[in-house]
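In: Sequence and predicted structure below; questions after.
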Amino acid sequence: MRTFFRLCFLIHLAVASALASAQEVLPLPLYTVDLSKLISRELDINATGTLTFLTEHTLAVSICRNLRCNLATFDLGGETPRMIAKTNEFHASSALFRAPEGRVLAGNMQSEGKMGAVLFDSDLHVPILIPKAVDNRPQFLSTTGETFVKQNQHVWVAYKMGPPPERIREGIGAVLSVSNEAVAYLDQGTVHIEGMDGKPLGMFALKARPTIRFVGHDRLWVESGSEVEIADFNGKLIQTLEKPDGWGFRIGQSSDGSRILYDRYTRHISLAQKAEEDAVAVVTLGVGVGDEGANAEMVQVIDTRSGKKCFEWNSRKNLLVAGQFHADIDPSGRLIAIMNRTALNIYRSPETCIEK
């Protein structure tokens, strides 16, 4: 028995050392912004944060500590990042999205008892509440933020972003994705692609409800079960993509859809810990098993035309609370932004993606 535990201990050390070594190798950033100065780290409990590119060279970042939040915008067009504006008059947001004219859309906000989204101008002045109109889930908002959809049971309405929002059209079904030009929705087992003028653009049947994103003007990113594909509007396969490990809600993308970004949360434990948790699960019938939440984060950028990997970042240190959007790719596909509890790092995406 002593020999068995000694073997488990040695395996634990070997695996832990290998994981630690792998985590130390990270891409070198172009720029690093110290986020610890934006808001006090006193009582640094449940630190949360999220970000989004607003244009090819501007970025909005929110970070919260102990329910105190800050929202800031940065210009990345010079030799070093420059803060454009900052406000502390900001409540926790589950997600930030870009909006027209360099504006910032903060989802899942609460103001005066009304749930809705808040639209800030580029200087973060005069926040405009848009109650009961904007959902903070990415499938209901175009990548530019110019168009969004409100789903009400089986009926949806498409709007043009603005104060106030401008109604475009309505339809019946469950919306899967929206772009400025089209909407994809599921109705009775069939995915319908229609223009904002109501013109049919394509349709195809799927057995399971898919996750869909518009990538470009005539292609879709489709995830159904374990498969990830790039398809045309009639469901014809164009390219198969490898599905990354872990879970996550961020699918960032360049404007032309040629590159997509995954922000994924993963869990890595040693073989010894895995064996220990399995043993505890057997004895306690699943009760008392240790924390099985994510303890690592991975960011990948994939070329949707070739299926090749352009960029990968992995870390188990200094992470924010899992579930929010901690990474994004700019509209040109040139820059990648990743944030943690104390820093915002900007990376350059390579011109050519070579790793399959």
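Out: Received it, and whenever you're ready, just let me know what you need. Numbers count the residues shown, from 1 in each chain.

In: And the residue nearest the centre of the chain, how far from D263?
Out: The centre of the chain sits closest to R250, judged by C-alpha atoms, centre = their mean, with a distance of 1.8 Å. Distance, R250 to D263, using C-beta to C-beta, to the nearest Å: 4 Å. Using the backbone N, CA and C atoms, a C-beta is placed for each residue, glycine as well.

In: list residues touching both of these two?
Out: F325, H326, A327, D328 (C-beta atoms under 8 Å, 6 or more residues apart in numbering).

In: Quick check: of those, which lies closest to G171?
Out: Distances from G171 to the shared contacts of R250 and D263, taken as C-beta to C-beta, are shortest for F325 (27.7 Å).

In: wait, that closest one sits on L51?
Out: Yes. Between F325 and L51 there is a contact at 6.7 Å, judged by C-beta atoms under 8 Å.

In: Just after the helix or strand of the chain with the lowest mean pLDDT, pick out the following helix or strand.
Out: Among the helices and strands of the chain, helix 2-24 carries the lowest confidence by mean pLDDT, DSSP states H and E, at a mean of 45. As assigned by DSSP states H and E, the chain's next helix or strand after helix 2-24 is strand 31-34.

In: Next, the buried residues of that following strand.
Out: Y31, V33 (16 or more other C-beta atoms under 10 Å).

In: Same question for stretch 245-260.
Out: G246, G248, R250, I251, G252, Q253, S254, G257, S258, R259, I260.

In: Secondary structure element for the second one, which one?
Out: With elements delineated by DSSP H and E, G248 resides in strand 247-253, which encompasses its position.

In: Which residues are in contact with each of F325 and L51?
Out: Contacts common to F325 and L51, judged by C-beta under 8 Å, 6+ apart, are L96.

In: give me the low-pLDDT residue ranges for the stretch 151-300 of the chain?
Out: 268-292 (pLDDT under 70).

In: repeat that for 50
Out: Counting by pLDDT under 50, the stretch 151-300 of the chain has low-confidence residues at 275, 277-278, 280-291.

In: need the buried residues of stretch 245-260 in TSV with distance to P163, can you?
Out: Output for those, formatted as TSV (distance: C-beta to C-beta, whole Å):
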residue	distance to P163
G246	38
G248	31
R250	27
I251	27
G252	26
Q253	26
S254	28
G257	29
S258	32
R259	32
I260	30
